[in-house]
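# sharing a sequence plus its predicted fold:
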Amino acid sequence: MTGTRPADAALAAVATLAVTLPLTELFTPAGAWFRPSVFFVALIAVSGAVLRTMTTTRPLVVLGQAVVAFEGVCLVHGWGHLWKGFVPTVDTVHTLGILLTDAYRTTTTYTAPAPADRGTTLAVSLLIAITALAVDALAVTYRSPAVAGLPLLAAFLASATNTSTGLAAWLVVPPALAWLAMVGRQGVGSLRTWGGTAAPGGRTDTDPAGSFATVGRVVGVLALAAAVVVPGLVPHFPTTFIADGLARSDDARGNGGTVRLSTSIDIARDLSDRSSDPVLVYRTTSEDPEPLRVGLLDTYRRGRWQASSDVTFVPLDGRLPGSSASPDVERTTEKITVSSSSVGLPQVAMPANPVGSPFPTGSWRVTGDGLVELTSRVPEYTVEYEQLAPTADQFGPTPGGAAPDSEDLALEPRSEERVRSLLDEVTAGDDSPLEVARKIQDYLRGPTFTYSEDLADQTAGGQRAEEPLVRFLDTKRGYCVQFASAMIMLSRAAGIPARMAVGFLPGAIDGDDRVVRVSDAHAWPELWFPDLGWMRFEPTPGVRSGIAPGWTRETSAPENSAVPAPSSSASPSASASTRPERDVTADPQQDAGGGSTGSGLVDLVRAHAATIGGVLAVLLLAAVTPFGAWLARRRARRRARDDAERIEAEWQSLLLRLGDIGIVPGDGSTPRQASHELGRAAYLTPDEDAALGRVVATLERARYARPGADLPDVEGDARTVWRAALGRRQRLDRVRALLLPEEGRRHWRSLLRLPGRGAAERRSPDDED
Amino acid sequence: MSDLEHDPRTTTDPSARGAGLDQVLQVSSRLATAMNSVIEGKQPVVRTAITVLLAEGHLLLEDVPGVGKTLLAKTLARCIDASVRRVQFTPDLLPSDITGVSVFNQDVRDFEFRPGAIFANVVVGDEINRASPKTQSALLESMEEGQVTVDGTTYVLPRPFLVMATQNPIEMEGTYPLPEAQRDRFMARISMGYPSARSELDMLELHGGASPLESLQPVTDAATVQQMIEAVRTVHASPAVRQYIVDLVGSTRSSSALRLGASPRATLHLLRASRAHAALSGRDHVLPDDVQQVAVAVLAHRLIPTGETQMARRSTADVLADLLQRVRVPAPTR
């Protein structure tokens, strides 16, 4: 009844693909997510076409498509987590969940275009699959291509609202054309059905205008509800982006040109230049890579950051020293391998605390601040560096009075008063330096501050230009430079030496590589602690900078209570071996998960209990309809007052059950004609046909002969016919007929007093001629 | 549609059937054999003719000239040992030629009724639509009521009484279309149709020499036919079947493809024809299948299609076939 309608299905798929075009501006490289998405869209279109040939029950088609699509997603993204290689398990769902969490982090962390890593690829292809499913279901299965415009529009708007630059106008054309083509096909199709002979007594005269109005109202309400609810659920890119103002290109936005970060940053300036040109491509061994540092600025005067030191030297032994932290601080050595870099001389991007000699002798030097500079271009290099994982007590009880440089404690006179009063507000007198730093960071990352690349206007009424930092603290609106500056000044006021580092965020994952773009440029504060050296903090809100370093956050209780430093300092290697390396920087949730290994068994049992419960529930649900059918048959047999009624009930039941496997006699068929049609359609053997003949002959006598005719019991014959017909159907048809018998559905509907669908089904051949 | 006669499930058990139906089966089978020996390859037509005979109806044979309409009528008439009259309808035929006329008898000095051609068991009206409507109408009373009224006196016609009329399609030259009222009185209209190539070859063989009609001997007589008619009347039509007949006829009235639906008389004829059909199949009860098989013959000539249907070149038989597929066969009510 529903029909395969491959052309419509193909059109729906094309429409869905057309609407994904704008996503190319949101996730790069497009190739990574586009191929799986095309696969899913095709999968849904083909499975829909196939399912529609097998069943006329529309929800069943959509459900089947969803199952197929989910299986496809599991095969593509959950590979290696499937039972027997194709059955999704709890583990698969867990894996997908992790990937989706990743995707959530990526979309909320990165500016468009975001990196198309595994997580975002999954998320994007999942969203496209859902769109494809909705479009296919509405346009093809439910034959309402006009309504299918809603999911298409939703998908398009999701792309359009997430791109900061606005979409190219032509991008609306392909999906619009595809949608119009769908609506047009439907229109032509319904026009062609006009002019047929109206069936006598078939179609009831309902007011078409009334039904259209009802449909319109329902669609309107649903669309409105979706418009309110969906934006709250879909993760969103930050609407603004990043510190492009930090990045200066030698030849404007030049392709292949080098990018140098300004060594003098005006913190009062708006960001306007945006560029997604790649700067750096590298690989890292770290699970949680650090930002790549390019420059260090320690002097703040008149709203401008500058590097004070111009002393440079080459280490005597030709090796970089690594971290200056005391040796008992836990650390891991990670490595980055840069395969292409367009950072301009003398700057070079690498994480803090590099060790070894990564560059050829004579091509590099070190500044007084410990920053590496290059003297000749080195496009490819490998740097090892130390990632510290200090415990809270290693930050020391008092601020490091012996600052490496007096500039690192200097305050700007114009903002000093404001900074000190704010510090008193934010921190308590007896806080340790780490607590002070954490409170400052939490304050800046808190809800009162807004990340924005556009700075607020000069405060009204000010006769002279305010100090930029004061203005930032007043307006609470700015980008990384302002946040870093504020944290540096507050820390310095608390006696902690601090300086500004500029560089790049770790960039987007692209296969095994990570790609850093100009738009990933970033600035962050480094605070000095006597036993640790310079430590990175991250006051810029998470929408831009992601998660702050592990030591800057209040960690879970076990970590704090594990203060006994001696144990960890006495045997650093032991502690390193007992703790997985990435736990050091993992986010709190993972800590919690790792910490509860004791209750893992319970969790396992609980998870399996849920699975078992789910399986039981599914079985129970599956049994509901067959049970209803059994009840209906029993009721019909009991209610039969005589043999004639009993045989009539048997016949109706046989017809319904044959209908379940798609064998339906014509509307005007007499029992005898029906038996001929059924016999042919069910491929009955002569013996089985004879059984069917006995059933029909008895039925004819029951119905049409004089009352009192001899009526043998035909239950056995009816069962023979049903089993023979069922046995010659395909497995899927058999399962469907056994699980969802119409008899059972009618029984429950009649119990629930739901209107039957009989009338609608009888009319449908006319509708769908 | 399957041929009921050869479906072993269909016939009622002979022991339960009763003598009347047995006689119907035997005689009608002899009748059919005799007729088929003259008319090659037209078993369904022959069967319908016998059905109409047993259902006390009248038969209208409509087809182009030369396909054997008159031969069929004459054959059926000859197979029954009864009074047979043949009237050749011409434009100058008068009503009194059909019904009879009172003439003044000089001897007894009174008017005396001279019965017309209608006073016979089997009346073959050849080319009925060549007579004027006035003459055609003379048949009305006799066909429906089995009696003739002339000069205020009513004369009852002999039983059984069967009118078999042949006519050419109304598009042919020199024809007066049969009035609707007249058509409605015929229980069934059948078309002979051209014979198949094989039947036509056989026909050349058979009819090459002496006409087989000449050597045909009657296989039954009027009294037996009357008994058979009585037996057919006893065939059981269950409420479900009657409901089906009413639904079917009702559907012709509401069909948008038809300007005029079937009359209540048609309903009655349909039931009687269905009974005869069931009896011919050896059954003592009517099935919806019986109704379906006689429906086109019984109903098609009474329906008038709309202009649109005619433009679409759909005959009333086509419309009826559609309706037969759509009208649901009612299940017994509880």
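Structure received. For clarity, every value in this text was computed on a predicted model and none was experimentally measured. Numbers count the residues shown, from 1 in each chain, chains lettered A, B, ... in the order given.

# which residues in the stretch 251-400 of chain A form helices?
Here the stretch 251-400 of chain A has no helices by DSSP state H, counting those that start in this stretch.

# hey, where'd the strands end up in it?
Using DSSP state E, counting those that start in this stretch, the strands found in the stretch 251-400 of chain A span residues A:259-261, A:264-266, A:278-284, A:292-297, A:299-301, A:304-306, A:312-313, A:320-321, A:331-341, A:354-356, A:364-367, A:372-374, A:381-388.

# and the fifth one, what's buried?
Spelled out, it's strand A:299-301. A:T299, A:Y300 (16 or more other Cβ atoms under 10 Å in any protein chain shown). From N, CA and C alone the C-beta is placed, and that goes for glycine too.

# cool, and the third one?
Applying a neighbour-count criterion of 16+ other Cβ under 10 Å, one finds A:P278, A:V279, A:L280, A:V281, A:Y282, A:T284 buried in strand A:278-284.

# tell me the confidence at the residue nearest to A:D102 when sequence neighbours are not counted?
In this structure, A:D102 finds its nearest non-sequential neighbour in A:G119, 3.1 Å apart by Cβ to Cβ, 6 or more residues apart in numbering or on different chains. Model confidence at A:G119, given as pLDDT, is 80.

# next: B:M1.
Per-residue pLDDT puts B:M1 at 35.

# for B:G250, same thing?
Turning to B:G250, the model gives it a pLDDT of 92.

# over to A:T459?
So, for A:T459, pLDDT stands at 50.

# near chain B, which residues of chain A?
A:197-202, A:644-645, A:648, A:652, A:666-673, A:676, A:693-694, A:696-697, A:700-706 (Cβ under 8 Å from any Cβ of the partner chain).

# spell out the residue ranges of the strands in chain B.
B:59-62, B:80-81, B:84-88, B:100-105, B:110-115, B:122-126, B:147-150, B:153-156, B:162-167, B:188-190, B:220-221, B:258-260, B:304-305 (DSSP state E).

# all strands for the stretch 501-650 of chain A, in order.
A:508-510, A:513-517, A:521-529, A:533-536.

# dump these to CSV, plus mean neighbour count, distance to A:V372 and mean pLDDT.
Shown next, in CSV, are these (neighbours: other Cβ atoms under 10 Å in any protein chain shown; distance: least, Cβ to Cβ, whole Å; pLDDT from 0 to 100):
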stretch, mean neighbour count, distance to A:V372, mean pLDDT
strand A:508-510, 20, 24, 79
strand A:513-517, 23, 17, 83
strand A:521-529, 26, 15, 85
strand A:533-536, 23, 14, 85
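
# which one of those strands lies closest to B:S37?
strand A:508-510 (93.6 Å; Cβ to Cβ).

# which strands border that closest one, and is each parallel or antiparallel?
Paired with strand A:508-510 in the same sheet, following DSSP bridges, are strand A:513-517 (antiparallel).

# what angle separates the strand it pairs with from strand A:278-284?
When axes from the mean of the first three to the mean of the last three Cα atoms, to 10 degrees is applied, the directions of strand A:513-517 and strand A:278-284 differ by 150 degrees.

# run through who's touching strand A:513-517.
Contact partners of strand A:513-517, identified using Cβ atoms under 8 Å, 6 or more residues apart in numbering or on different chains, comprise A:115, A:275-284, A:289, A:292, A:339, A:349, A:504-508.

# stretch A:692-702 now?
With contact meaning Cβ under 8 Å, 6+ apart, stretch A:692-702 is reached by A:643-644, A:647-648, A:650-651, A:654, A:671-672, A:674-675, A:678-679, A:684, A:709-712, A:714, A:717-718, A:721, B:9-10, B:285, B:287, B:332.

# turn the strands of the stretch 501-650 of chain A into a markdown table, including distance to A:V735.
Putting these into a markdown table (distance: least, Cβ to Cβ, whole Å) gives the following:
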| stretch | distance to A:V735 |
| --- | --- |
| strand A:508-510 | 43 |
| strand A:513-517 | 47 |
| strand A:521-529 | 57 |
| strand A:533-536 | 59 |
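
# okay, buried residues for the longest helix belonging to chain B please.
With secondary structure taken from DSSP state H, chain B has its longest helix at helix B:19-38. Of all the residues in helix B:19-38, those buried under the rule 16+ other Cβ under 10 Å are B:G20, B:L21, B:V24, B:L25, B:V27, B:S28, B:L31, B:A32, B:A34, B:M35, B:N36, B:V38.

# now it: average pLDDT?
Here helix B:19-38 scores 85 as its mean pLDDT.

# thinking again about what came up before, buried among the contacts of stretch A:692-702? Make that a ChimeraX selection.
Command for ChimeraX, covering only those of those found buried under the criterion 16+ other Cβ under 10 Å:
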select /A:643,644,647,648,650,651,654,671,672,674,675,678,679,684,709,711,714,717,718,721 /B:10,285,287
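
# how much space between A:L631 and B:G125?
To B:G125, A:L631 is 64 Å away according to Cβ to Cβ, to the nearest Å.

# same question, B:V64
18 Å.

# same deal with A:E417?
128 Å.

# wait, what's in contact with A:T375?
Going by Cβ under 8 Å, 6+ apart, A:T375 touches A:L345, A:P346, A:G362, A:S363, A:W364, A:R365.

# now with 7 Å, please.
Contact partners of A:T375, counting by Cβ atoms under 7 Å, 6 or more residues apart in numbering or on different chains, are A:P346, A:S363, A:W364, A:R365.

# please convert those residues to CSV, extending it with pLDDT and neighbour count.
As requested, the contacts of A:T375 are exported to CSV (pLDDT from 0 to 100; neighbours: other Cβ atoms under 10 Å in any protein chain shown):
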residue, pLDDT, neighbour count
A:P346, 76, 18
A:S363, 79, 16
A:W364, 80, 23
A:R365, 80, 17
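
# how about these, which pair is most distant?
Farthest-apart pair in the contacts of A:T375 is A:P346 and A:S363; separation 10.2 Å (Cβ to Cβ).

# burial measure for the nearest residue to B:F161 once chain neighbours are set aside, as a count.
Residue nearest to B:F161 in three dimensions, not counting chain neighbours: B:G146, with 5.3 Å by Cβ to Cβ, 6+ apart. A total of 14 residues lie near B:G146 under the criterion other Cβ atoms under 10 Å in any protein chain shown.

# quick one: residues contacting B:G146.
With contact set as Cβ under 7 Å, 6+ apart, B:G146 has these partners: B:V156, B:L157, B:F161.

# ok, it to chain A distance?
Look at B:G146 and chain A: by Cβ to the nearest Cβ, to the nearest Å, they are 29 Å apart.

# repeat for B:V124
B:V124 sits 35 Å away from chain A, going by Cβ to the nearest Cβ.

# that residue contacts B:T75, doesn't it?
No - assessed by Cβ atoms under 7 Å, B:V124 is found out of contact with B:T75, at 10.2 Å.

# more neighbours: which of these two?
Just comparing B:V124 and B:T75: by other Cβ under 10 Å the higher neighbour count belongs to B:V124, 26 against 22.

# isn't A:L444 right up against A:M487?
Yes - between A:L444 and A:M487 there is a contact under Cβ under 7 Å: 5.9 Å.

# before we move on, the earlier item: what residues are shared contacts of A:P346 and A:S363?
Common contact partners of A:P346 and A:S363 (Cβ under 7 Å, 6+ apart): A:L374, A:T375.

# so the residue nearest to A:D102 lies in a helix, does it not?
Yes - according to DSSP: H, G, I helix; E, B strand; the rest coil, the state of A:G119 is that of a helix.

# residue contacts, it?
A:L99, A:L100, A:D102, A:A103, A:T106.

# quick one: which of these is nearest chain B?
Minimum distance to chain B across the contacts of A:G119 is 53.6 Å, recorded for A:L100 (Cβ to the nearest Cβ).
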